[in-house]
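A.B. asks: Build me a structure from this.
(one chain, ligands or ions: 2)
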Amino acid sequence: MSVSIDPATTVSDPDWATRPDGAQVSVSIGDLTLDSGATLADVTVAFQKWGTPTAARDNIVLALHALTGNSHVAGPADDQFSMTGWWDGLIGPGCAVDTDEWCVLAPNAIGGCFGSTGPGSLAPDGRPWGSRFPRLTVRDLVRSESLALEALGISRLAAVAGGSMGGARALEWAVTYPDAVGAALVLAVGARASADQIGTQTTQIEAIKSDPAWQGGDYYGTGRSPSTGMGIARRIAHLSYRSDRELDQRFENRPQGEENPLVDGRYSIASYLEHQAEKLKRRFDPGAYVVLSDVLNNHDVGRDRGGVAAALAGCSVPTVVGAIDSDRLYPLYQLEEIARELGDCVGGLHVIRSDAGHDGFLTEFEPIRELLAKTMDVARLRRSAD
Ligand SMILES: CC(=O)SCCNC(=O)CCNC(=O)[C@H](O)C(C)(C)COP(=O)(O)OP(=O)(O)OC[C@H]1O[C@@H](n2cnc3c(N)ncnc32)[C@H](O)[C@@H]1OP(=O)(O)O
Ligand SMILES: N[C@@H](CCO)C(=O)O
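C.D. replies: Numbers count the residues shown, from 1 in each chain. Ligands and ions are numbered 1, 2, ... in the order given. From the prediction side, this is the model:
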């Protein structure tokens, strides 16, 4: 990729390359011009790193998280990240992405709440961005990542990989910078947002904005947060992340424990969704949920590129494409389109048989391991051909 670095660019830790696995580094990339034409001032992109970059920086793999994910792709839960890494066991010494060979970087998306600039960050005037935070696109996220990588001395990626919003980012990486990406793994995402996805995501956004604690988006520092609205959003979202079959097998129409839904008790599924909502409230910012859901809504790899088919056909990056057969958020036909139209799809569409639904890109360890290994095989061939 070729990007022009803002003179304000700084790297928090100049020795980041030799730091141990899981090390964090943040890069201030200065002002970022957005697709909307607006400028986001003083942007920081925060990463975690596993493995060691070569002197030539030719072994870098970008692991891209989904909507509420973060840079913690491997390792146990710790003080900063309350969850086990989302691809734990897939990235590390001897794993599918072998960090004795590859150096994995996982950037936190801008617009989020894990160290990269988001709506809860302080703007240059010292106040939280809040309602002033601009709308972002997947391409804005990818551009911020490419600027940060340039500042780390990285101009080429051996591979990019991700699912869901991470898959949208991986696809945009491949289409935007085909000469700078060796191989890609795109999981559980479409080439553009569908009416169904925009419908459910705008409904979730409305749930957050209709919480009185939203305060027009300027709730930071007020002591009140629209977490009730985000809890409702997460319940709606979580249903779309799992399959009807799996949920019914697990919960049927059973009551929760001894509770009686015919009086004032809950159904088991309602209790489960409440649990998922409560967990998200503890680790995610509603404002970031709104910004990144909007990013998913405007995802369209064909925008200003002559449409989806033309954009995908023009992409020369060898790309492994994977779908989960029970994914009702990103149904099979959307992944079939990507696999069919891409300039260089490796082995056609890989369909993962699972009842886990969309979340299968996180839970189906063995099939994801195989797809990651396949992607790294392609990356290795391309690296040796360079
Ligand atoms: C790429 C990225 O980074 S995306 C971000 C990844 N992480 C997340 O999305 C975090 C949210 N977590 C999840 O979505 C899921 O936990 C996944 C996808 C990571 C894993 O899914 P699974 O292992 O299938 O978990 P599952 O959906 O069964 O949930 C289990 C939880 O529900 C709870 N639960 C199950 N039944 C009930 C019930 N009737 N009432 C209340 N809670 C219940 C379990 O106790 C368990 O709780 P715990 O997670 O606090 O231990
Ligand atoms: N469980 C995932 C689903 C969205 O892809 C998340 O919360 O980000």
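
A.B. asks: How many residues are close by Pro286?
C.D. replies: 29 (other Cβ atoms under 10 Å). Heads up, the C-betas are built off the backbone N, CA and C, glycines and all.

A.B. asks: my guess is it contacts Ser225, does it?
C.D. replies: Yes. Applying Cβ atoms under 8 Å as the test, Pro286 and Ser225 come out as touching, 6.2 Å apart.

A.B. asks: what residues do these two have in common as contacts?
C.D. replies: Common neighbours of Pro286 and Ser225 (criterion: Cβ atoms under 8 Å, 6 or more residues apart in numbering): Tyr219.

A.B. asks: Nearest spatial neighbour of the residue in the stretch 251-386 of the chain positioned nearest to ligand 2, chain-adjacent residues omitted?
C.D. replies: Residue nearest to ligand 2 within the stretch 251-386 of the chain (Cβ to the nearest ligand atom): Asp359, separated by 5.3 Å. With Cβ to Cβ, 6 or more residues apart in numbering as the criterion, Asp359 has its nearest non-adjacent residue at 4.6 Å, and that residue is Tyr241.

A.B. asks: Could you pull up the residues touching that neighbour?
C.D. replies: So, once contact is read as Cβ under 8 Å, 6+ apart, Tyr241 ends up touching Leu329, Gly357, His358, Asp359.

A.B. asks: helix/strand/coil for Val61?
C.D. replies: Three-state call for Val61 (DSSP: H, G, I helix; E, B strand; the rest coil): strand.

A.B. asks: Quick one: residues contacting it.
C.D. replies: Applying Cβ under 8 Å, 6+ apart, we find Val61 in contact with Val97, Trp102, Cys103, Val104, Leu105, Leu157, Ala158, Ala159, Val160, Ala161, Met376, Ala379.

A.B. asks: Could you report the distance from the closest residue to ligand 2 within the stretch 151-300 of the chain to Ile205?
C.D. replies: Here the stretch 151-300 of the chain gets closest to ligand 2 at one residue, Ser164, 3.1 Å apart by Cβ to the nearest ligand atom. According to Cβ to Cβ, to the nearest Å, Ser164 stands 17 Å off from Ile205.

A.B. asks: hang on, the earlier thing: narrow the contacts of Val61 to those in helices?
C.D. replies: Met376, Ala379 (DSSP state H).

A.B. asks: can you put the contacts of Val61 in CSV and add neighbour count?
C.D. replies: Putting those into CSV (neighbours: other Cβ atoms under 10 Å) gives the following:
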residue, neighbour count
Val97, 28
Trp102, 24
Cys103, 20
Val104, 28
Leu105, 26
Leu157, 27
Ala158, 27
Ala159, 32
Val160, 32
Ala161, 32
Met376, 25
Ala379, 26
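
A.B. asks: out of the contacts of Val61, which one sits closest to ligand 1?
C.D. replies: Of all those, Ala161 has the smallest distance to ligand 1: 10.4 Å, by Cβ to the nearest ligand atom.

A.B. asks: What sits closest to that closest one if chain neighbours are left out?
C.D. replies: Leaving aside its chain neighbours, Ala161 sits nearest to Leu185 (3.8 Å; criterion: Cβ to Cβ, 6+ apart).

A.B. asks: Is that neighbour bridged to anything, and to what?
C.D. replies: Ala161, Val320 (DSSP bridges).

A.B. asks: ok, and the closest non-adjacent residue to the residue of the stretch 151-300 of the chain closest to ligand 2?
C.D. replies: Ala66 (3.8 Å).

A.B. asks: does the one you found sit in a helix, a strand or a coil?
C.D. replies: When states are read from three-state DSSP, the local structure at Ala66 comes out as coil.

A.B. asks: do you know how far it is from Gly347?
C.D. replies: From Ala66 across to Gly347, the span is 23 Å (Cβ to Cβ).

A.B. asks: Can you lay out the contacts of Tyr241 as CSV showing secondary structure, pLDDT and neighbour count?
C.D. replies: Formatted as CSV, those follow (DSSP: H, G, I helix; E, B strand; the rest coil; pLDDT from 0 to 100; neighbours: other Cβ atoms under 10 Å):
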residue, secondary structure, pLDDT, neighbour count
Leu329, coil, 98, 24
Gly357, helix, 98, 26
His358, helix, 98, 26
Asp359, helix, 98, 23
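
A.B. asks: What average pLDDT does the helix or strand where Ala233 lies get?
C.D. replies: Per DSSP states H and E: Ala233 is located in helix 227-241. The pLDDT scores in helix 227-241 average 98.

A.B. asks: Neighbour count for Ser164 and Ile205, which is higher?
C.D. replies: Using other Cβ under 10 Å, the more surrounded residue of Ser164 and Ile205 is Ser164, with 25 against 19.

A.B. asks: surely the residue of the stretch 251-386 of the chain closest to ligand 2 meets Ser240?
C.D. replies: No. Between Asp359 and Ser240 there is no contact under Cβ under 8 Å: 9.7 Å.

A.B. asks: still on that earlier bit, what about the residue nearest to Ser164, how many neighbours?
C.D. replies: Number of residues near Ala66 (other Cβ under 10 Å) recorded here: 26.
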